[in-house]
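Student: Okay, structure incoming, though there's no sequence with it:
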């Protein structure tokens, strides 16, 4: 429970040391989950649980939840069990919205249609190998051709690695950006409102 509270409440409101520990595995796992949802939507065209469909209404709900966050969180540890459960459900829904937002940001940037993906990859591979083969064409015979194919193959592999790494990291960066924006807002409200109006924070 401490882990979940630290994850959803954040450093400012949580009594756990979640923020002080490294969570690289969770970061990568989140990126993998978002990528899986993107791929499912990309190849099937189906929307699962509405993820990836982010309208003005979703923006309004997300912003309202972020604005209400400090006023919801500051008394978390003084609330009964059912109250804590409701807050954690609200935090889960908010994370769901952030995930849906991330998917909606990624999908439009994939310019190649799934139906033409195979042809695109084959053409890219051929063009890359031809490009490097031409660069080494001034060399001697078959050795130059081998070097061109080898260099082109390395280029393709590096591009694949970069795409995979980016696909795993970018969703987490979006989540962290929202998290840091939330923390900055919470900190300001805590200092200017909650500590002055209320006698206690928790």
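Tutor: Nice, I can see it. For clarity, every value in this text was computed on a predicted model and none was experimentally measured. Numbering: from 1, shown residues only.

Student: OK, contacts around the residue nearest the centre of the chain?
Tutor: Geometric centre of the chain, nearest residue: residue 171, 1.5 Å, by C-alpha atoms, centre = their mean. By C-beta atoms under 8 Å, 6 or more residues apart in numbering, the contact list for residue 171 reads 30, 31, 33, 34, 35, 99, 102, 106. For every residue, glycine as well, the C-beta is placed using N, CA and C.

Student: run the last query once more with 10 Å
Tutor: Contacts for residue 171 (C-beta atoms under 10 Å, 6 or more residues apart in numbering) come out as 27-28, 30-35, 37-38, 98-99, 102-103, 105-106.

Student: Now compare those residues and name the two farthest from each other.
Tutor: 28 and 105 (19.0 Å; C-beta to C-beta).

Student: which stretches of the protein form strands?
Tutor: Secondary structure of the chain (DSSP state E): no strands present.

Student: okay, and for it, where does confidence drop off?
Tutor: For the chain, the stretches with pLDDT under 70 are 1-3, 16-23, 137-144, 199-202.

Student: Out of the contacts of residue 171, the closest to residue 148 would be?
Tutor: Of the contacts of residue 171, the one sitting nearest to residue 148 (C-beta to C-beta) turns out to be residue 35, at 32.6 Å.

Student: Tell me how many other residues crowd the nearest residue to that closest one once chain neighbours are set aside.
Tutor: Leaving aside its chain neighbours, residue 35 sits nearest to residue 167 (5.0 Å; criterion: C-beta to C-beta, 6 or more residues apart in numbering). Residue 167 has 16 neighbours, counted by other C-beta atoms under 10 Å.

Student: Residue 123 now?
Tutor: Close neighbours of residue 123, defined as other C-beta under 10 Å, add up to 11.

Student: And it, how close does it get to residue 117?
Tutor: 11 Å (C-beta to C-beta, to the nearest Å).

Student: Check residue 188 too.
Tutor: For residue 188 relative to residue 117 (C-beta to C-beta), the value is 46 Å.

Student: which residues in this structure form helices?
Tutor: Here the chain has its helices, by DSSP state H, at 2-9, 24-44, 56-73, 81-106, 117-135, 141-189, 195-197.

Student: now those helices in TSV, with distance to residue 50?
Tutor: Output for those, formatted as TSV (distance: least, C-beta to C-beta, whole Å):
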stretch	distance to residue 50
helix 2-9	21
helix 24-44	11
helix 56-73	9
helix 81-106	7
helix 117-135	25
helix 141-189	17
helix 195-197	37
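
Student: what's the closest of the ones you listed to residue 15?
Tutor: helix 2-9 (7.6 Å).

Student: list the buried ones in the closest one?
Tutor: 5, 6, 7, 8, 9 (16 or more other C-beta atoms under 10 Å).

Student: Could you do stretch 164-178 as well?
Tutor: Those would be 167, 168, 170, 171, 172, 174, 175, 178, for stretch 164-178 by 16+ other C-beta under 10 Å.

Student: Out of the residues you listed, which is nearest to residue 71?
Tutor: Nearest member of these to residue 71, counting by C-beta to C-beta, is residue 178, at 18.1 Å.
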